[in-house]
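Asks: Generate coordinates for the sequence data below:
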Amino acid sequence: MPQSLGEGYREVKTHQIVQILECRERNLGCARRVRYTEGVKVYIVDDASFIRMICRYHLTKAGHEIIGESHDGLTALAEILALQPECVLVDLSLPGKSGAEIMREVQQKYPHIPFIVVSALDKDVLALTAPDVGYAAYIRKPFEGSELVQAVDSLQAEPMRRKHG
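Replies: I've put the predicted structure just below:
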């Protein structure tokens, strides 16, 4: 039982929104994608909370699991090394440690962990500043949720695929 009218209203409203979206999908004939394998365990590193929220929304909706997230490079590095996710989404411009530094240090210890770079910076910046780091995909901000999901999904098909700047 909700503690206040506000909490109950939010609960009902959220439930109604989900019902409306499900009904709309049925009426439009949208085919839901069925996932037969477990989703990828993803760690998100971006200093912008709204980008982390967008990534979390699209990836969880697609069946992937967000096992951690951080807004700075130092925290991210420690948590990635401890959690060993199946994929890391990383921005290049971060406080504390850059995305390229995180990639380099993690790849030295765990070369099997793929990185998907999500950045407003051009891909050439990474090639010039860190030609030694590898990444599975490079997504330029702003991006479509489907582009992000496709990049993570592709890791299940080709887990060791790695590009270099």
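Asks: Spatially nearest residue to Pro85 (excluding sequence neighbours)?
Replies: Tyr43 (4.0 Å; Cβ to Cβ, 6 or more residues apart in numbering). Every residue, glycine included, has its C-beta placed from N, CA and C.
Asks: Following the strand or helix carrying that neighbour in sequence, what is the next regular element?
Replies: Following DSSP states H and E, one finds Tyr43 within strand 41-45. Following strand 41-45 in sequence order, the next helix or strand is helix 49-61 (DSSP H and E).
Asks: Partner strands of the helix or strand just after that next one, with direction?
Replies: Once the chain leaves helix 49-61, the next helix or strand it forms, by DSSP H and E, is strand 65-70. Note on strand 65-70: by DSSP bridges, its sheet partners are strand 41-45 (parallel).
Asks: For the partner strand, output the C-alpha coordinates as CSV.
Replies: Presented in CSV, the C-alpha positions along strand 41-45 are these (Å, rounded to 0.1, in the frame of the first residue of the first chain):
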residue,chain,number,x,y,z
LYS,A,41,27.1,-7.6,-18.8
VAL,A,42,27.9,-3.9,-19.4
TYR,A,43,29.8,-1.2,-17.5
ILE,A,44,29.1,2.4,-18.5
VAL,A,45,31.6,5.3,-18.1
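Asks: Can you tell me what sits against it?
Replies: Defining contact as Cβ atoms under 8 Å, 6 or more residues apart in numbering, one finds that strand 41-45 is touched by 52, 55-56, 59, 64-71, 73, 76, 79-80, 83, 85-91, 94, 99, 102, 152.
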